[in-house]
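Asker: Just a sequence and a predicted model for now, questions to come.
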Amino acid sequence: MHESDGAAGPPLVLQTVYDAAFATYPVPMKIATWNVNSLKVRLQHLLTWLEANPVDVLCIQETKLTDDKFPLAEINAAGYHVVFAGQKTYNGVAILSKHPIEDVLIGNPHFEDEQQRLIAATIAGMRIICAYVVNGQEIGSDKFAYKMAWLEGLHTWVTEEMRRHPALAVLGDYNIAPEARDVHEPSEWENHIHFTAPERAALAALMELGLQDAFRLFEQPDKQYSWWDYRNLAFRRNRGLRIDHILLTEALAKRCTACHIDRDTRKWEQPSDHAPVVATLAD
DNA sequence: ATGGCACCACGATGGTGA
């Protein structure tokens, strides 16, 4: 089990006075999200990425593993604590952390759900929520109704969590592109899943609780996406969507100094169709 | 408009994803 960063890790920078909760953690801290699309297939990708990108916290989605099959030993050996909630074939979420993980909650107390799509924990004085939002298939379908109900349940629960935890981040695969600039060809996607008006309204409502999109806190290059279809050379043509997000409360947004999408992972052999999103938090 | 591609549970193809 990993206990500390040790001599080989980055030097600990001790904070002065005002924020005791962060006093024992290195700053800046990095938090990230990545839909791995099967942890069984992508375990080596994950370990390779973590070695090159030793983030403090990583939320992963679509592990597609029951808990008895979770690669706990390999992740611990990489220097990470981890908590997870999985199921057979579909869904499944986990939070990896270099720092101790406390107050773990699986699922949404306000929305009964057979699918493992939510896990939350307190790490380094922050409330971290890892979310795998429902895909929704197509507007009008049962799955679309489930997506909208699920998002409403998320809204209710996040409202409550924000009252308890001023320093809170919701990281994950939202399966929603917030704006036209987050879609490679908006005219193709209008009224299609991930870019319908009700989905975008639900995401906007969540943000109106006081959550900010870390990526849009900064000037970014054009045409930045976090997902590309496996088909039709979509990645090579950069035909993608930005649907993976890190949302921050004001307390964390004001500490956020950078946010980027690591699209290089999509060039690897047998890649996930999603790329990691990373945010940096200063003291 | 459809299918393309990938993963999973199968033990052939179908469900699901985005």
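Answerer: Great, that's in hand. The model shown is predicted, which means the values in this text are computed figures rather than measured ones.
Asker: Can you name the residues bridging to A:Leu168?
Answerer: For A:Leu168, the beta-bridge partners under DSSP bridges are A:Arg127.
Asker: Tell me the secondary structure of A:Ile119, please.
Answerer: Here A:Ile119 is recorded as strand under DSSP: H, G, I helix; E, B strand; the rest coil.
Asker: isn't it right up against A:Ile101?
Answerer: No: applying C-beta atoms under 8 Å, one finds A:Ile119 not in contact with A:Ile101, separated by 10.1 Å. Placement of C-beta: from N, CA and C, glycine included.
Asker: shared neighbours, these two?
Answerer: Taking C-beta atoms under 8 Å, 6 or more residues apart in numbering as the contact rule, A:Ile119 and A:Ile101 both touch A:Val83, A:Ile95.
Asker: Between the two, which is the more surrounded one?
Answerer: A:Ile119 (26 against 18; other C-beta atoms under 10 Å).
Asker: Pull up the per-residue confidence for the more buried one.
Answerer: Looking at A:Ile119, its pLDDT stands at 98.
Asker: OK, contacts around it?
Answerer: Residues near A:Ile119 by C-beta under 8 Å, 6+ apart: A:Val83, A:Phe84, A:Ala85, A:Val93, A:Ala94, A:Ile95, A:Val104, A:Leu105, A:Ile106, A:Gly107, A:Ile129, A:Cys130.
Asker: For it, list each beta-bridge partner.
Answerer: Judged by DSSP bridges, the bridge partners of A:Ile119 are A:Ile106, A:Cys130.
Asker: Equivalent analysis for A:Cys256, please.
Answerer: Beta-bridge partners for A:Cys256, by DSSP bridges, are A:Leu281.
Asker: ok, now which ones touch it?
Answerer: Residues near A:Cys256 by C-beta under 8 Å, 6+ apart: A:Ala214, A:Leu217, A:Leu248, A:Ala279, A:Thr280, A:Leu281, A:Ala282.
Asker: same thing but at 10 Å, please
Answerer: A:Cys256 makes contact with A:28, A:31, A:169, A:212, A:214-215, A:217-218, A:246, A:248, A:279-282 under the criterion C-beta atoms under 10 Å, 6 or more residues apart in numbering.
Asker: For the stretch 151-283 of chain A, list the residues in contact with DNA strand B, please.
Answerer: Residues of the stretch 151-283 of chain A lying near DNA strand B by C-beta under 7 Å from any atom of the strand: A:173, A:175, A:193-194, A:227, A:229-232, A:241, A:243, A:270, A:273.
Asker: if we go to 10 Å?
Answerer: Residues of the stretch 151-283 of chain A lying near DNA strand B by C-beta under 10 Å from any atom of the strand: A:173-177, A:188, A:192-194, A:225-235, A:240-241, A:243-244, A:269-274.
Asker: Looking at those, which are in strands?
Answerer: Using DSSP state E, the subset of those located in strands is A:Asp173, A:Trp227, A:Trp228, A:Gly240, A:Leu241, A:Asp244.
Asker: Kindly reformat those as TSV and extend each row with pLDDT.
Answerer: TSV is the format used below for these (pLDDT from 0 to 100):
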residue	pLDDT
A:Asp173	98
A:Trp227	98
A:Trp228	98
A:Gly240	98
A:Leu241	98
A:Asp244	98
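Asker: Mind putting the contacts of A:Ile119 into CSV with distance to DNA strand B, pLDDT and neighbour count?
Answerer: Below are these laid out as CSV (distance: C-beta to the nearest atom of the strand, whole Å; pLDDT from 0 to 100; neighbours: other C-beta atoms under 10 Å):
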residue, distance to DNA strand B, pLDDT, neighbour count
A:Val83, 20, 98, 20
A:Phe84, 15, 98, 23
A:Ala85, 15, 98, 22
A:Val93, 12, 98, 27
A:Ala94, 14, 98, 27
A:Ile95, 18, 98, 26
A:Val104, 23, 98, 13
A:Leu105, 22, 98, 17
A:Ile106, 19, 98, 14
A:Gly107, 17, 98, 19
A:Ile129, 17, 98, 24
A:Cys130, 14, 98, 27
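Asker: which among those gets closest to A:Glu138?
Answerer: A:Val93 (24.0 Å; C-beta to C-beta).
Asker: Would you map the helices across the stretch 101-250 of chain A?
Answerer: A:142-164, A:186-189, A:197-208, A:250-253 (DSSP state H, counting those that start in this stretch).
Asker: now A:Ala177: how far from A:Glu138?
Answerer: Going from A:Ala177 to A:Glu138 by C-beta to C-beta, to the nearest Å gives 16 Å.
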